[in-house]
Every structure is written in structure tokens, then in C-alpha cells.
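Trainee: prediction below, plus the sequence it came from.
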There are 2 protein chains.
Amino acid sequence: MSLKKLGNRTVKLLNPPSIIGNYTIVGPKEGDGPLKNYYDQILDDDLWGQESWEKAESKIQEEAIRAAVDNAGLSIQDIDYLISGDLLNQIVASGYSARQLGIPYFGLYGACSTMTESLALGSMLIDGGFADNIICATSSHFSSAERQFRFPLEYAAQRVFSAQWTVTGSGATILSSYGSGPYITHVTPGKIIDPGIKDASNMGAAMAPAAMDTLIHHFRDTGFSPSDYDLIITGDLGLVGKSIVLDMMKKEGYDLTGIFTDCGVEVFDPQKQDTHAGGSGCGCSAVVFNGFVLKEMAKGRYKRVLFGATGALHSTLITQQGESIPSICHAITIDINSE
Amino acid sequence: MSLKKLGNRTVKLLNPPSIIGNYTIVGPKEGDGPLKNYYDQILDDDLWGQESWEKAESKIQEEAIRAAVDNAGLSIQDIDYLISGDLLNQIVASGYSARQLGIPYFGLYGACSTMTESLALGSMLIDGGFADNIICATSSHFSSAERQFRFPLEYAAQRVFSAQWTVTGSGATILSSYGSGPYITHVTPGKIIDPGIKDASNMGAAMAPAAMDTLIHHFRDTGFSPSDYDLIITGDLGLVGKSIVLDMMKKEGYDLTGIFTDCGVEVFDPQKQDTHAGGSGCGCSAVVFNGFVLKEMAKGRYKRVLFGATGALHSTLITQQGESIPSICHAITIDINSE
């Protein structure tokens, strides 16, 4: 019996797993952005000694995972499962990183929702008694994503103002059945919502309805209101998607003013860094969560955070076939207290 | 505490979920193969009224899921989660199928290991008390896979004898906290093993060591021996991979003679159907498991089965960059008794 279900689709964890370690690695542009003081490691060169962007992304993810394990005071042998994914075809950044690590592995594809998809599944596996320590990780790389999803970089296409800038970076989080918090207390998995947008340079608008759907279900299922949170953060809707969510949530009766932001909005300075609507990519919410959110929680600024990474689940082939962009958002509650 | 861990990496489910419904849809070639009497639905046309192979694959998966839910006596509203994935870039067959179904969704990428990756995660989520009913599904399509991974079909390239033939089909399984079996009693998640093979036309050899690693860990962790099973079935190693596993397992002290086969070997008749080393693709193990294995269990021929779907986690881009093919195998025990 699903004893832990709350309302329509939220899960309340009875033995909330603790976040006992984490790590972020970002590229030079991210390291020059407004959150630069929150990252654990900033690369000078986004190839990092590798011969391709894909291999560089895989190395960034592998090193973020190794450092997060170290940061948790554990060794690779202590880890029960690695749960990860990324944007690349056949999630090769994650697969080749997992090959180097030698940990039992569950590969995910949730596009930019992967950080919370992995934390959602990881939390349930620990709460359910199947594991003591789980790594949840994801990554993205500006150059590997751009050439796969949009234009060859050499083509030097102009970017429209609704376009987002794929973050180069990786974040890894270690969940444990032991530890003194912060804890993951609730999980609200997402449904796919497709508002019919076909423009892959307007992901914020494509993903905003999925974010809203998950937030509203979360509030209904748990009985929480926005004021029960110090911070509600989606990712990566960017400036366009953030303003849609703020406006539309108000129409639905949820005023998020002052407590709501988005990882894609926080990660870059759009004026100074020419990033148009903001950051995107699996790595965006991964580095903002593991960098900014968890560090500010540790300092005591936030006690309770609702984090909903958002993903657009199209491929270039299927949009060329005339399909619109379906999106998803998985949300989790992170609390400094376990209940 | 990970109360349900057994040995190094196996999980023993304390409240084993029951398989309460399932369904298979296959293409014309599969429907002409040796298992034709086991499939629920055989298509006359592998485009099935769609305008592309990718959209056809997505429809095949969606319809297999709907029919499996029906077959379980449930409606879509009774389902807590859909867990699925496929071979296509950004798993669009699964994502667009999930969009039509409107069920909270976890997307996976495990290549041809997806059937057991989804059953492994689904079983743990039910056993852990997070859900009552979960759909586990996957699909593949000969034409969508061939043009993505190998050659354009119009090129009419000759296939080498170690090459496998991607199955067109989908299988969906409904797991439930209720029901009278068969039950999933044990889960042994896989580690990535890479024997260094770079030839994407020799997947059987690339995946065989991952299958062996998971089988051996399963036996060690549980204390079971091969003779505790009526059937041990991997998928989709094909003829090349199957013979490697048989030979190498014997050297490791495990004689699988007479009880071991592979979904890729069973699905086609290599002489009559010109399929060289056998079937492959996520759909291969999905239709052999949901068709042949579960139907023979229902008839009483098999009481206890060890099923380990295998996946090769490369992409065309990363093999063009000189990388070898990393592989994985997740295994589950299916038993007509719950303990």
C-alpha cells in the first residue's frame, strides 16, 4: 500500500534522507557570473584538457561526483547507487562518467529536470530502505548542447532574445540515510505538459506550464502555501518563463512575489554576460542548487526550500517533424528539519 | 538504513510487487518470428498510420501501455507513475507517449536494459510504499534505430554477421502492491562494464561481460545457484553474446546449460529471417519478457525466472570520437510465489 502518498501525487518521506555532501564545477563564463562565490571549482578552460566537448562534460561530471563523495566523508565503495543523466544523445556524459566510477548505475533522461528527477528517485530509494548512500548528479556543456540542439557554433547564428544560454557545469548531491540535514521531506513528481510551443529558442514559455502544474499540485497535496517556504526556485525557465509563472500563479491564487526565483535567472547577468533570457541546461539547476541554495541553507538564510527543476523533452528530429515541445517539472522540499 | 540490501548490491523486496497486467505489440517481421503466438498484437504495417518511424514507435508504446492498463483491470487514473525510456535521442518515443497518457512520469535511459531498469525502480517504489500501481515500459523500432545509430536505410549497406536486428515493438508491464503474482522478489542493479569493443555491429560481445557481472553478483549476493531458476534469460545479447556468457560463466563455476537463453536469440529465426546474430533494441527484451516469459509462467512452465536486460550506452558521436562501448545489465527475479 502506498502509505507515503499525500493527495494526488506527492510523497511524504517517513525517514527523510539527509544531504551529506555536494560539489559544483562550472565553466569560465559561469564562474564570472553573479553566483561565482558559491561554486566549488571554476574551470579556466571548458575543454579541461579533453579532446572534445562531450568528453570534457563527462570529465566535469565525474570530477564533481568524486569531490561530492569526498566532501561527504565517504569513499566510492560506500555508495549504493549513482543516479544521473544529461542532455546529450544517449546521455553519454553520464554513461561515460559512470563507467569510470564503477557504481551500480541508473541512467535517467529528464532533460533539464534531471537534478530533481534524480533527487526524487534517490530520496525514495533511501527512504524505502534500499540504500544508505546515493549520488544524484547531472551536467551540461554549452558547446556540446549547442551543436547538438541548435546550430553549429562556427555558423555564428544570432540568438533571439527568448533564447537561453546552456550552462557549462555539473552538480552532484550525496543523499544518505544518516546525517543531520538538510533533509528531503517531500517529492512531487511531474506530469508532461505541452502548451504547443514549437520554437526551441523559447524554452521558458514551453516549460512554464509544467512548472505551474507541479507547484499547484504540490500545494494542494501537502496543504502548504507559498508562505511555508523561504524560497521557491524553479530551473531553468529563465526570464521569460519566470515572469509567466509569477503572473499565472497569481491568477491561480498563489502569490509568489518575493520568494520565487529561477535557476536560469540567477546563474548569469543578462546585461553584462549577453545571455538573453538566462541560463539553461541540466547543469544550470544543478549548480545553482548545489552552489547557491545549499550554501545559503547552511548559512541559515533559508530553512525550507521548494526546488522544481524543469525539462523540455523534445529532440531536434521530432521538432523537425512538426512536433511541439513537451515539458516536465519534478519538485522536492528541502528542509533543515526532518519533519 | 538499507534494511533490504542483500550482499554487495542486490535488494530483497520485503513486500514484493505483483505483475497484474501486461501487453505486447510487435511489427510484421517479429510477428512472423518463432514467438508469434505469444504477442498480443501484431501490426501489418510498421508505420501504423503515422507519418514517421519515430511517431509510429511512440504510438506503439502508448497503445501497449493503454492495453496493459486495461488488461490489469485498471484505468489510467489508477496509475501512480509511468517509468519508461527508449533508444531514440532524448527518448522521444517515451516522452511523447507519456505526454498523451498524462501520468506522473520518470524518464529513463538505459538503452536495451530499460525493461529491467524500469522494473527494478518500479518494484522498489512499490515495495517502499510510494505507489500502488506503476507502469514499466519501453519500445524500439527497426527503422528509427537504424537511421539513428547505423546507416540510412536507403544506403542499403550489407550487415556483418555479428550485427543484430532491432526489434519493432513495445512491451508494458503493470506492477502493483496488490495482486496474486507473479512477484518481483529480488533486484540486482548493474554496473557499467566496458570490455573495450568499438564496433557497434558487435553489441553482443560488448554487452556480454556486463551480463556476466550482474549474474555473478546476483548469485553471490542471494546465495542462489543457477539451479534455483527454471529460466535465466538475458536480453539482448544475441547469438554471439549468448555463447560468450555460457562459456565464460562456466569458467567462473556457473553452469547455465539448458536453463539459459537470451531474448535476442529467441525473438527471430536467424536462418529464415536473415537476422544474423539475433534481435536487439529495448523492445526486444520487452516483448520477449511480456510475451513469452510471462505467458509461460502463467501456464506453469516456469516458476522462477532471472531476467537481465542488457544495454549498450554509447552514442554515434562518442564512438566517432574513438570511444568504446560501455554496457550494463540490470537483473530481476520473477517468482510465482512471493517468498
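Mentor: Noted; the coordinates are in hand.
Trainee: for the rest of this, base every contact and every neighbour count on C-alpha atoms.
Mentor: Noted.
Trainee: where does the stretch 1-150 of chain A dip in pLDDT?
Mentor: Across the stretch 1-150 of chain A, residues meeting the criterion (pLDDT under 70) sit at A:1.
Trainee: for it, just list every one of the helices.
Mentor: Using DSSP state H, counting those that start in this stretch, the helices of the stretch 1-150 of chain A run over A:28-31, A:53-71, A:92-101, A:114-127, A:142-149.
Trainee: which of those helices sits most buried?
Mentor: Burial of the helices of the stretch 1-150 of chain A is given as mean neighbour count (mean count of other CA atoms under 10 Å in any protein chain shown); helix A:114-127 ranks first at a mean of 29.
Trainee: packing partners for that one?
Mentor: strand A:81-86, strand A:133-140, strand A:169-176, strand A:183-188, helix A:282-287, strand A:304-312, strand A:327-335, helix B:114-127 (3 or more CA pairs under 8 Å, 6 or more residues apart in numbering or on different chains; DSSP states H and E).
Trainee: tell me what angle it forms with strand A:304-312.
Mentor: In terms of direction (axes from the mean of the first three to the mean of the last three CA atoms, to 10 degrees), helix A:114-127 departs from strand A:304-312 by 120 degrees.
Trainee: kindly export helix A:114-127 (C-alpha atoms) in CSV.
Mentor: As requested, the backbone C-alpha atoms of helix A:114-127 are provided in CSV (Å, rounded to 0.1, in the frame of the first residue of the first chain):
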residue,chain,number,x,y,z
THR,A,114,17.3,15.7,-14.2
MET,A,115,18.6,17.3,-11.0
THR,A,116,15.2,16.9,-9.2
GLU,A,117,14.3,13.7,-11.1
SER,A,118,17.4,12.1,-9.6
LEU,A,119,16.9,13.6,-6.2
ALA,A,120,13.2,12.4,-6.2
LEU,A,121,14.1,8.8,-7.1
GLY,A,122,17.2,8.8,-4.8
SER,A,123,15.2,10.1,-1.9
MET,A,124,12.6,7.4,-2.3
LEU,A,125,15.2,4.6,-2.7
ILE,A,126,16.8,5.7,0.6
ASP,A,127,13.5,6.3,2.5
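Trainee: give me the angle between that helix and strand A:81-86.
Mentor: Angle between the axes of helix A:114-127 and strand A:81-86 is 170 degrees (criterion: the same axes, to 10 degrees).
Trainee: run the chain-centre distance for helix A:114-127.
Mentor: Here helix A:114-127 shows a centroid-to-chain-centroid distance of 12 Å under the convention CA atoms, centre = their mean, to the nearest Å.
Trainee: ok, now stretch A:89-96?
Mentor: Centroid separation for stretch A:89-96 versus its chain: 17 Å, with CA atoms, centre = their mean.
Trainee: is that stretch anywhere near chain B?
Mentor: Yes. Applying CA under 8 Å from any CA of the partner chain, one finds stretch A:89-96 in contact with chain B at A:89, A:90, A:91, A:92, A:95, A:96.
Trainee: hmm, back to that, which one of the helices of the stretch 1-150 of chain A lies closest to residue B:73?
Mentor: Residue B:73 lies closest, by CA to CA, to one member of the helices of the stretch 1-150 of chain A: helix A:114-127, at 27.0 Å.
Trainee: the closest residue to residue A:128 other than its chain neighbours: what's it in contact with?
Mentor: Closest residue in space to residue A:128, ignoring its immediate chain neighbours: residue B:128 at 4.2 Å, by CA to CA, 6 or more residues apart in numbering or on different chains. Applying CA atoms under 8 Å, 6 or more residues apart in numbering or on different chains to residue B:128 gives the contacts A:2, A:124, A:125, A:127, A:128, A:129.
Trainee: and which of these is nearest residue B:134?
Mentor: For the contacts of residue B:128, the nearest to residue B:134 is residue A:2 (11.2 Å; CA to CA).
Trainee: hmm, the closest one is touching residue B:125, no?
Mentor: No. If you go by CA atoms under 8 Å, residue A:2 and residue B:125 don't touch, sitting 9.1 Å apart.
Trainee: what touches both of those two?
Mentor: Common contacts of residue A:2 and residue B:125, defined by CA under 8 Å, 6+ apart, comprise residue B:131.
Trainee: where does residue A:163 land on pLDDT?
Mentor: In this model, residue A:163 is scored at 87, pLDDT.
Trainee: measure it to chain B for me?
Mentor: From residue A:163 across to chain B, the span is 20 Å (CA to the nearest CA, to the nearest Å).
Trainee: any idea what sits nearest that residue, other than its immediate chain neighbours?
Mentor: Nearest-residue entry for residue A:163: residue A:201, 4.5 Å, with adjacent residues in sequence omitted and distances by CA to CA, 6+ apart.
Trainee: contacting residues for residue A:196?
Mentor: Applying CA under 8 Å, 6+ apart to residue A:196 gives the contacts A:206, A:324, A:325, A:326.
Trainee: now, these that are in helices?
Mentor: Within the contacts of residue A:196, residues falling in helices by DSSP state H are residue A:206.
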